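Peer 1: build the 3D model from these lines:
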Amino acid sequence: MLVKTFGAAVTGIDAITITIEVNVTRGIRFFLVGLPDNAVKESQQRIESVFKELGHKWPGKRIVVNMAPADTRKEGSAYDLPIAVGVLAADEQILANRISEFMMMGELSLDGSVHPIKGALPIALKARSDGFKGFIVPKKNAREAAVVKGIDVYGVESFKEVVDFLTGRLDLQPEVVDTEAEFLREQSRSEIDFADVKGQESVKRALEVAAAGGHNIIMVGSPGSGKSMLAKRIPTILPPLSLDEALETTKIHSVAGKLSGNTSLLTRRPFRSPHHSISDIALVGGGSYPQPGEISLSHNGVLFLDELPEFKRSVLEVMRQPLEDRTISISRARFTVDYPASFMMVASMNPCPCGFYNHPEKQCVCAGGVVQKYLSRISGPLLDRIDIHIEVVPVPFEKLAGQKPAESSDLVRQRVIKARRIQSERFMKFPDVHCNAQMNTKLLARFATPDEGGQAILKNAMEKLDFSARAYDRILKVARTIADLEGTEDVESYHVAEAVQYRNLDRAGWAG
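Peer 2: Presented below is the predicted three-dimensional model:
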């Protein structure tokens, strides 16, 4: 008897429907075809053990399982559940009347329990778009999949539950998640705040400008000056995620298997801080079976690279294209997958190997030329993609011990949201541009041309401070953001003057 069950394969952050055709006829042997990997091929042993454990009979016949489309590679153990159901139905041990109404995925344990899978959210979206009545998933993935409205999601803990449900002996209740209520409730919760940081007003201002325009930023300062503390608080001043952004971000983490069992939707912007020993594949994504990397896991959020010069040069160089295109394409011989990578890069570094170059009190012990050599670990093209360079000076004791309250993240965030709203209206006719950092040369000429005083300041800075040509566009973008924070339509001279101050690493002679 021929029976069809339905699962899905995840490609990139989207899913495609896989039709699992099971035919049980007279003969012997088990055949699994349709480009399965080793984990899928090993499903026979797991399913046989489950049948024996639960009292079902493994068919002593010829079993052919075809996974269509046959030219799409099937990976992982999540196909155990639909294959097992298909074998039972094709052998007429259960009725197959309701099977076509459901998409199902899950890895089976030898005792019949169902283990969680990766990519439950994009699979649920695909099941809804294909018109399935329901989606059967492991219990730990149920809340994640139930975010999708318009389809019933049933969480199961064992294969017996699935069989009893499909045969009508068990009435499962679909998982219900109030997406909007949970999204709004969790969105504003944060354990850290800008008010925790004493002093550093100039750095906080630079971070506010960076958040308002989506600019990449690098902080240079001696050890203990507060670089990491400031970086971790940047998500608290960024605009809240929209529901569409939250769904897209959750899809990426779902595909990567980074969601916990209690998480249905990511409500806060991600903050990723990989160690400097990370490989280039782990950073940008890829592998034999491609997975999202850190730059995609930080999509719609912040990627913090602490001690930037300590990263391998090859790792930093592969970031150049994603920083510009805000997407990463992983190409293999048979396929190409695309992962979104629209993130705000925040980097920090010591000014020199000893850490005390330009320190107001401590003496730098580095030999001549060492500071410049240390800085040269970061290539010019990468530095070119960082809009704001700011020095972080250690906070004096008086400010550390002072009781004067600092400005909270909520106050800063309100100004950032207001500036982002101005940019959204400005770029309404440009679907690929959402903030000032994404402006191209034509948009700069249209929206960020400074007045005569600003032009004069910029010309003087280019000549006196020996700025390179690559700094020109960056200064204009930052100046446009500063004007937006003030609510000013024109870019004026003092906006340009402030933007010029944020190009420390471009100044001739800064590193000796």
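Peer 1: tell me what the helix or strand hosting residue 82 is packed against?
Peer 2: Using DSSP states H and E, residue 82 falls within helix 80-90. Packing contacts for helix 80-90, counted by 3 or more C-beta pairs under 8 Å, 6 or more residues apart in numbering; DSSP states H and E, involve strand 2-11, strand 14-25, helix 43-54, strand 62-68, strand 102-104, strand 107-108, helix 159-166. All C-beta spots, glycine's among them, are computed from the backbone N, C-alpha and C.
Peer 1: would you list those in TSV and tack on mean pLDDT, distance to residue 200 and mean neighbour count?
Peer 2: Shown next, in TSV, are those (pLDDT from 0 to 100; distance: least, C-beta to C-beta, whole Å; neighbours: other C-beta atoms under 10 Å):
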stretch	mean pLDDT	distance to residue 200	mean neighbour count
strand 2-11	94	43	22
strand 14-25	95	42	19
helix 43-54	94	56	18
strand 62-68	95	57	19
strand 102-104	97	52	26
strand 107-108	96	49	22
helix 159-166	95	56	21
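Peer 1: distance to residue 299 for the ones you listed - can I get that in a markdown table?
Peer 2: Shown next, in a markdown table, are the helices and strands packed on helix 80-90 (distance: least, C-beta to C-beta, whole Å):
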| stretch | distance to residue 299 |
| --- | --- |
| strand 2-11 | 16 |
| strand 14-25 | 14 |
| helix 43-54 | 33 |
| strand 62-68 | 30 |
| strand 102-104 | 26 |
| strand 107-108 | 27 |
| helix 159-166 | 34 |
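Peer 1: out of these, flag the one nearest residue 136.
Peer 2: With C-beta to C-beta, the closest approach to residue 136 among the helices and strands packed on helix 80-90 belongs to strand 102-104: 3.9 Å.
Peer 1: could you list the residues in contact with that closest one?
Peer 2: With C-beta atoms under 8 Å, 6 or more residues apart in numbering as the test, strand 102-104 has contacts from 5-8, 17, 81-82, 85, 123, 126-127, 130, 132-137, 154, 162, 166.
Peer 1: same thing but at 6 Å, please
Peer 2: The contact list for strand 102-104 (C-beta atoms under 6 Å, 6 or more residues apart in numbering) reads 6, 81-82, 127, 132, 134-136.
Peer 1: and of those residues, the nearest to residue 469?
Peer 2: For these, the minimum distance to residue 469 (C-beta to C-beta) is 52.1 Å, reached by residue 127.
Peer 1: helix or strand right after the helix or strand encompassing the closest one?
Peer 2: Assignment of secondary structure by DSSP H and E places residue 127 within helix 120-129. Using DSSP H and E, the helix or strand that follows helix 120-129 towards the C-terminus is strand 134-138.
Peer 1: buried residues, that following strand. List them.
Peer 2: 134-138 (16 or more other C-beta atoms under 10 Å).
Peer 1: output these as a markdown table; include the columns distance to residue 266 and pLDDT.
Peer 2: Shown next, in a markdown table, are those (distance: C-beta to C-beta, whole Å; pLDDT from 0 to 100):
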| residue | distance to residue 266 | pLDDT |
| --- | --- | --- |
| 134 | 24 | 95 |
| 135 | 20 | 97 |
| 136 | 24 | 97 |
| 137 | 18 | 96 |
| 138 | 20 | 95 |
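Peer 1: of all pairs in those, which one is the farthest apart?
Peer 2: 134 and 138 (14.4 Å).
Peer 1: my guess is residue 341 meets residue 330, correct?
Peer 2: No. Counting by C-beta atoms under 6 Å, residue 341 does not reach residue 330; the two are 11.1 Å apart.
Peer 1: who has more neighbours, those two?
Peer 2: Neighbours were counted for residue 341 and for residue 330 using other C-beta atoms under 10 Å; residue 341 has more, 25 against 20.
Peer 1: against residue 20, how distant is residue 132?
Peer 2: 14 Å (C-beta to C-beta, to the nearest Å).
Peer 1: related to what we said a few turns ago, of the helices and strands packed on helix 80-90, which is nearest residue 412?
Peer 2: Closest to residue 412 of those is strand 14-25 (C-beta to C-beta; 35.8 Å).
Peer 1: packing partners for the closest one?
Peer 2: Taking 3 or more C-beta pairs under 6 Å, 6 or more residues apart in numbering; DSSP states H and E as contact, the helices and strands that strand 14-25 lies on are strand 2-11, strand 62-68, helix 80-90, helix 120-129.
Peer 1: what pairs with that strand, parallel or antiparallel?
Peer 2: strand 2-11 (antiparallel), strand 62-68 (antiparallel) (DSSP bridges).
Peer 1: now distance to residue 43 too, for those strands, in TSV please.
Peer 2: Rendered in TSV, the data for the strands paired with strand 14-25 read as follows (distance: least, C-beta to C-beta, whole Å):
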stretch	distance to residue 43
strand 2-11	11
strand 62-68	9
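Peer 1: which parts of the stretch 251-400 of the chain are strands?
Peer 2: In the stretch 251-400 of the chain, the strands defined using DSSP state E, counting those that start in this stretch lie at 271-272, 285-286, 291-292, 302-305, 327-331, 336-340, 344-349, 388-392.
Peer 1: could I get the ones you listed in TSV, plus columns for distance to residue 102?
Peer 2: Formatted as TSV, these follow (distance: least, C-beta to C-beta, whole Å):
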stretch	distance to residue 102
strand 271-272	35
strand 285-286	32
strand 291-292	27
strand 302-305	39
strand 327-331	31
strand 336-340	27
strand 344-349	41
strand 388-392	51
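Peer 1: dump the ones you listed into TSV; add mean pLDDT and distance to residue 476 as well.
Peer 2: Shown next, in TSV, are these (pLDDT from 0 to 100; distance: least, C-beta to C-beta, whole Å):
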stretch	mean pLDDT	distance to residue 476
strand 271-272	95	29
strand 285-286	88	32
strand 291-292	90	33
strand 302-305	96	24
strand 327-331	88	25
strand 336-340	89	27
strand 344-349	94	19
strand 388-392	91	13
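Peer 1: and those: which comes nearest residue 451?
Peer 2: strand 388-392 (22.0 Å).
Peer 1: so what does that closest one touch, helix or strand wise?
Peer 2: Under the contact criterion of 3+ C-beta pairs under 6 Å, 6+ apart, strand 388-392 touches helix 201-213, strand 217-221.
Peer 1: show me where pLDDT drops low in the stretch 301-450 of the chain?
Peer 2: Along the stretch 301-450 of the chain, the parts satisfying pLDDT under 70 run over 397, 400-403.
Peer 1: which stretches of it form helices?
Peer 2: For the stretch 301-450 of the chain, the helices defined by DSSP state H, counting those that start in this stretch occupy 313-317, 320-325, 370-375, 380-384, 397-401, 409-426, 441-447.
Peer 1: the fourth one - contacts with which helices or strands?
Peer 2: Here helix 380-384 is seen to pack against no other helix or strand when contacts are counted using 3+ C-beta pairs under 6 Å, 6+ apart.
Peer 1: buried stuff in that helix?
Peer 2: Of all the residues in helix 380-384, those buried under the rule 16+ other C-beta under 10 Å are 382-384.
Peer 1: burial count for the closest residue to residue 121 other than its chain neighbours?
Peer 2: Leaving aside its sequence neighbours, residue 121 sits nearest to residue 254 (C-beta to C-beta, 6 or more residues apart in numbering; 4.1 Å). Using other C-beta under 10 Å, the number of residues around residue 254 comes to 26.
Peer 1: what distance do you get for residue 254 to residue 167?
Peer 2: Residue 254 is 30 Å from residue 167, by C-beta to C-beta.
Peer 1: could you do residue 382 as well?
Peer 2: Distance from residue 382 to residue 167, counting by C-beta to C-beta: 60 Å.
Peer 1: got the domain ranges for this structure?
Peer 2: Taking automatic domain parsing as the criterion, the chain consists of the domains 2-166, 186-406.
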